[in-house]
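[1] Got a sequence here, can you build the structure:
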Amino acid sequence: MIHSEQVGEDICDIWAVCKCGYDPTETNTLHRLEDVWGGTDDNNCRDAIDCTWNELLKCEG
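    All right, here's what the predicted structure looks like:
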């Protein structure tokens, strides 16, 4: 599931959460996609998955 939340006056965080509810960015939001509009269109969804999951997997591997 893709989430979008306004975190500043002109910035939103977009991140992916597993369908089981696991959010790998819950305690560390550095791996969330930042976007001015916070849109969840196909491109932002793909980029959010890349930022949230793929980058974290690289850090663990």
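
[2] Just want the most central residue of the chain.
    Trp15 (1.7 Å; Cα atoms, centre = their mean).

[3] Can you show me the helices along this protein?
    Under the criterion DSSP state H, the chain contains helices at 42-49, 55-60.

[4] who are the neighbours in contact with the residue nearest to the residue nearest to the centre of the chain when sequence neighbours are not counted?
    Distances taken as Cβ to Cβ, 6 or more residues apart in numbering place Arg32 nearest to Trp15, at 4.2 Å, with adjacent residues excluded. For glycine as for every other residue, the C-beta is placed from the backbone atoms N, C-alpha and C. Residues near Arg32 by Cβ atoms under 8 Å, 6 or more residues apart in numbering: Asp13, Ile14, Trp15, Thr25, Ala48, Cys51, Thr52.

[5] Would you point out the helix or strand in the protein whose mean pLDDT is lowest?
    Across the helices and strands of the chain, mean confidence by mean pLDDT, DSSP states H and E is lowest for helix 55-60: a mean of 72.

[6] any residues touching it, and which ones?
    Contacts for helix 55-60 (Cβ under 8 Å, 6+ apart): Pro24, Thr25, His31.

[7] buried residues in that helix?
    Buried residues in helix 55-60, counting neighbours by 16 or more other Cβ atoms under 10 Å, are absent.

[8] Quick one: distance of it to the chain centre.
    14 Å (Cα atoms, centre = their mean, to the nearest Å).
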